[in-house]
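Asks: structure, please.
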Amino acid sequence: MCELLGMSANVPTDIRFSFAGLAKRGGETGPHADGWGITFYEGGRGCRAFHDPDPSAQSELAKLLKRYAIKSRIVVAHVRKANRGRVSLENTHPFSRELWGRRWTFAHNGQLKGIKKRVLGRFEPIGSTDSEYAFCWIMSQLEARWPKAPRTAQLDAFVAELCRELGTLGVFNMLLSDSRVLYAHCGKRLCYLTRCAPFGTATLIDEDWRVDFAQETTETDVVTMIATRALTRDETWTELARGDTVAFKDGAVRLLRPGRRPVEVALPCGRG
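Replies: Alright, predicted model coming up:
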């Protein structure tokens, strides 16, 4: 199994602290040594993506990103433990495609039995993973439903429906973003944490690093982290239930339920 890391914030935010914890799990404190990747959305539609088939715990590129502060409002990251598809650059997540003039990003852990029997549209995989094939299928379904970008509420509902369908094929934990919203689906294990005022301190589980967020933020900042497993030892992470699909926007949390209205989850600072 792989591990996921995502971030949604209402201001451009530095993710080096959390990424350092995730990177350690890529071959040092965890077995996920078959490549890694991270995508930062910046300035609306633009994004920077970095991939490396080497273990993140030893990667020189990962070391650079732990020193270089790239501030973003949406981040998607992944460390890989290969089960389908060889260890190679083209098989490292996150994957990306363009649709409706937006750069979509996708990362997944789990296995999806029979996914490659499904018919794709114009979106084709480059590598050999079932994850990238599932992403191409999602993109094909979205484009077939709407030639142009739909309203957010319509998109939220359909993404939740597609996640539920893919969840019937096996374990489907995923992160998906269109540069505006970060979607997450829990097939087996996924959790999140929202940081907002009053900010406290946090200590990584996998590395000797402690941060006092009161010194790094303003009172109006809202930052939500999403991870396969909790990254810090002294904060309370919320476990998602199996089958949950969640939309994160500007740090706020919406639980999506097919056929029902989204549920806004209250933030610990009382602004949700």
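Asks: for stretch 242-262, how far is the first residue from the last?
Replies: By Cα to Cα, to the nearest Å, the extent of stretch 242-262 from end to end equals 17 Å.
Asks: got the buried residues for that stretch?
Replies: By 16 or more other Cβ atoms under 10 Å, the buried positions in stretch 242-262 come out as 244-256, 262. The C-beta positions use only the backbone N, C-alpha and C, and glycine is treated the same way.
Asks: and stretch 82-101, by the same measure?
Replies: 82, 85, 90-97, 99.
Asks: stretch 182-200 too?
Replies: 182-187, 189-197, 199.
Asks: and stretch 49-57, by the same measure?
Replies: 50-57.
Asks: CA atoms only for it, dumped as PDB, please.
Replies: Output of stretch 49-57 as PDB, limited to C-alpha atoms (Å, rounded to 0.1, in the frame of the first residue of the first chain):
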ATOM      1  CA  ALA A  49       5.100  18.900 -10.000                       C
ATOM      2  CA  PHE A  50       8.100  16.800  -8.900                       C
ATOM      3  CA  HIS A  51       8.500  13.100  -9.300                       C
ATOM      4  CA  ASP A  52      11.300  10.600  -8.500                       C
ATOM      5  CA  PRO A  53      11.300   6.800  -8.800                       C
ATOM      6  CA  ASP A  54      13.900   6.600  -5.900                       C
ATOM      7  CA  PRO A  55      12.900   6.300  -2.300                       C
ATOM      8  CA  SER A  56      11.900   9.700  -0.800                       C
ATOM      9  CA  ALA A  57      13.900   9.000   2.300                       C
END
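Asks: isn't T129 right up against V87?
Replies: No. Contact status for T129 versus V87: not in contact, 10.8 Å apart, counting by Cβ atoms under 8 Å.
Asks: what is the burial count for the closest residue to F106 other than its chain neighbours?
Replies: Excluding the flanking residues, the one nearest F106 by Cβ to Cβ, 6 or more residues apart in numbering is F135, at 4.1 Å. Neighbours of F135 under the rule other Cβ atoms under 10 Å: 25.
Asks: coming back round to it: can I get the buried residues of stretch 49-57 in JSON lines including distance to F17?
Replies: Formatted as JSON lines, those follow (distance: Cβ to Cβ, whole Å):
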{"residue": "F50", "distance to F17": "17"}
{"residue": "H51", "distance to F17": "21"}
{"residue": "D52", "distance to F17": "20"}
{"residue": "P53", "distance to F17": "25"}
{"residue": "D54", "distance to F17": "22"}
{"residue": "P55", "distance to F17": "20"}
{"residue": "S56", "distance to F17": "15"}
{"residue": "A57", "distance to F17": "16"}
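Asks: follow-up on the earlier one: flag the least confident of the buried residues of stretch 242-262.
Replies: Scanning those for pLDDT, the low point is P262. It has 83.
Asks: next, the contact list for that residue, please.
Replies: 153, 156, 247, 254-256 (Cβ atoms under 8 Å, 6 or more residues apart in numbering).
Asks: spatially, which two of the residues you listed are the most separated?
Replies: A153 and L255 (13.9 Å; Cβ to Cβ).
Asks: re earlier: am I right that the residue nearest to F106 is in a helix?
Replies: Yes. The assignment for F135, made by DSSP: H, G, I helix; E, B strand; the rest coil, places it in a helix.
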